[in-house]
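Q: structure of the sequence below:
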Amino acid sequence: MQTQEKSFEVKNLIGGRWEERDGLETEPVYDPATGRVIAETPLSTEEDVERAVGAAKEAFPSWAATPVVERARVLFRFKMLLEERFDELADLVTLENGKDTKDAAGEVRRGIEVVEFACGMPTLLMGETVRDVARGIDNVSWRYPLGVVAAITPFNFPFMVPLWTAPIAIGAGNTYVLKPSERTPLSAQRIGELLFEAGLPEGVFNIVNGAKEVVDAICSHPEIKAVSFVGSQPVAKHVYELGCAHGKRVQALAGAKNSMIAMPDAVLEKAVPNIISSAYGNAGERCLAGSVLVAVGTEEEQDRLVEAVKEAASAMKVGPGYEEGSELTPLIRDSHRERVRSYVDLAEEEGAEVVLDGRKPPVEGGFFFGPTILDRVTGEMRVAREEIFGPVLSVVRVRTLDEAIEFTNASPFGNACSIYTESGAAIRHWRERIEAGMLGVNVGVAAPMAFFPFNGIKNSFYGDLHATGKDGVRFFTENKVEIVRFYSDPDDVGPSVAYPEEAGA
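A: Numbers count the residues shown, from 1 in each chain. Coordinates of the predicted model:
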């Protein structure tokens, strides 16, 4: 991909029609690699949400009554279109988010995998039956769509996260309202275009762009039955509380502070590149980033690990995502870069040792921040406890695995934790005691496949049913349980029934 000078027009999609912004205030969308404004996101209002929900409500009865195999065929066609436009979609992610082409392609692939999973909806919606729960009585359960549902998605995965929910929700027979991040609305718009090219009826998939007013309107609208959210912990808590207060089913995926525990027997030549990828991939702007490296062992063993990580991080190529070989790409906004810088300043004040300093922008233009390593961080420091969401790796030194587990479990977050070791005994000991929902063994980004739940716990998740996998299907459907008994004799056929021979066939 080369730099793009093209500008984009961001529109709401309501009832199958792309709407002009009609005087709405806007927020700029930047190319993070250059700082150039490439679009303006309309900041929609509560009235826009009302119209989108109205369109979705109107479309629901017909879509819910569409046979599930026909709904699945729309998803199969959609999946085909995504494959055909794979490179275009990855380039769009790089343009609006800034991540490198490899990460962008990985994001598109992960989104498509959820579509593939949702194509199995005829099987996923199968109920359960037990015959003869009592004499002559059978028990059956059926899965039904909820109605109008909504998703509020983040800037860091503008293509993948909308697809965590949209294919499952509409495949199950719901109609859907999406509020993408106002910082990265372009991928969501392309998803809408391709869904309708695949044959999705008008009103089934709607987009309302905006900020807090749209979020609050979605969470409080009486016709929206369920809300899925991915974003920061404070906003996740707000969405969960507001949505639940209005009687909604809510899944709110929140922040993280993920530890990577490196044991003395870790295979450094394999572990270090993996640690670097986890800490600095997508500039650290992902909720599965390994942001704390817990070095277990003697001081000599710890020094060897820190030196190896520092050497690898120092060698990273910092540059735009569309340039070949770029490994560390820009942050999403200059304001966010300042926030990340403030955490490094704070770490220094709190006594951490800045062994690799990325505060001076290594590339002119755009929102770049260099790879940063903070050594000898302690659990009392804010950089050890709070989500920075940038290319900053904090190193905590401990003597034993139990100390590493104790440090990790003290975090209010519980998204993911990884361990680097060849010891099966250490892995089992860690797995049984660690408080995190997604675990990686010699894997720094413990992202589950589409048919498993994205399984954060503690303050990394608010709700009961997680996104993706069978949890996602359960979240967007309701059970009806039926008990069946018949009194009539099987030979007692009513007069309205004519057999072929009696009808002269």
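Q: what's the nearest residue to Gly437 if we skip its chain neighbours?
A: Nearest non-adjacent residue to Gly437, counting by C-beta to C-beta, 6 or more residues apart in numbering: Asn455, 3.7 Å away. C-beta here means a position set from N, CA and C on the backbone, and glycine is covered the same way.
Q: mind listing the helices for the stretch 101-250 of the chain?
A: 101-118, 121-124, 160-171, 186-197, 212-220, 233-245 (DSSP state H, counting those that start in this stretch).
Q: what's the separation between the residue positioned nearest the centre of the chain and Leu253?
A: Most central in the chain under C-alpha atoms, centre = their mean is Val161, positioned 4.0 Å from the mean C-alpha point. In this view, Val161 and Leu253 are 9 Å apart by C-beta to C-beta, to the nearest Å.
Q: just the pLDDT for the residue nearest to the residue nearest to the centre of the chain when sequence neighbours are not counted.
A: What sits nearest to Val161 in space, not counting adjacent residues and going by C-beta to C-beta, 6+ apart, is Thr153, at 4.4 Å. pLDDT for Thr153: 98.
Q: check contacts around Thr153.
A: 161-162, 178-181, 188, 230-231 (C-beta atoms under 8 Å, 6 or more residues apart in numbering).
Q: make JSON lines from the residues you listed and add pLDDT and distance to Asn139 to it.
A: Below are these laid out as JSON lines (pLDDT from 0 to 100; distance: C-beta to C-beta, whole Å):
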{"residue": "Val161", "pLDDT": "98", "distance to Asn139": "38"}
{"residue": "Pro162", "pLDDT": "98", "distance to Asn139": "37"}
{"residue": "Leu178", "pLDDT": "98", "distance to Asn139": "37"}
{"residue": "Lys179", "pLDDT": "98", "distance to Asn139": "40"}
{"residue": "Pro180", "pLDDT": "98", "distance to Asn139": "42"}
{"residue": "Ser181", "pLDDT": "98", "distance to Asn139": "45"}
{"residue": "Ala188", "pLDDT": "98", "distance to Asn139": "42"}
{"residue": "Val230", "pLDDT": "98", "distance to Asn139": "37"}
{"residue": "Gly231", "pLDDT": "97", "distance to Asn139": "41"}
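Q: and the residues you listed, which is closest to Lys212?
A: Using C-beta to C-beta, Lys179 comes nearest to Lys212 of the contacts of Thr153, at 10.4 Å.
Q: thought the residue nearest to the centre of the chain was touching Phe155?
A: No. Using C-beta atoms under 8 Å, Val161 is not in contact with Phe155; the gap is 9.5 Å.
Q: where does the stretch 351-500 of the chain dip in pLDDT?
A: Flagging of the stretch 351-500 of the chain using pLDDT under 70 yields the residue ranges 493-500.
Q: let's see that with 80 instead.
A: Along the stretch 351-500 of the chain, segments meeting pLDDT under 80 span 490-500.
Q: helices along that one, start to end?
A: For the stretch 351-500 of the chain, applying DSSP H, counting those that start in this stretch gives helices covering 382-385, 401-409, 424-433, 469-475.
Q: how confident was the prediction at Glu501?
A: Looking at Glu501, its pLDDT is 58.
Q: Gly243 too?
A: Per-residue pLDDT puts Gly243 at 98.
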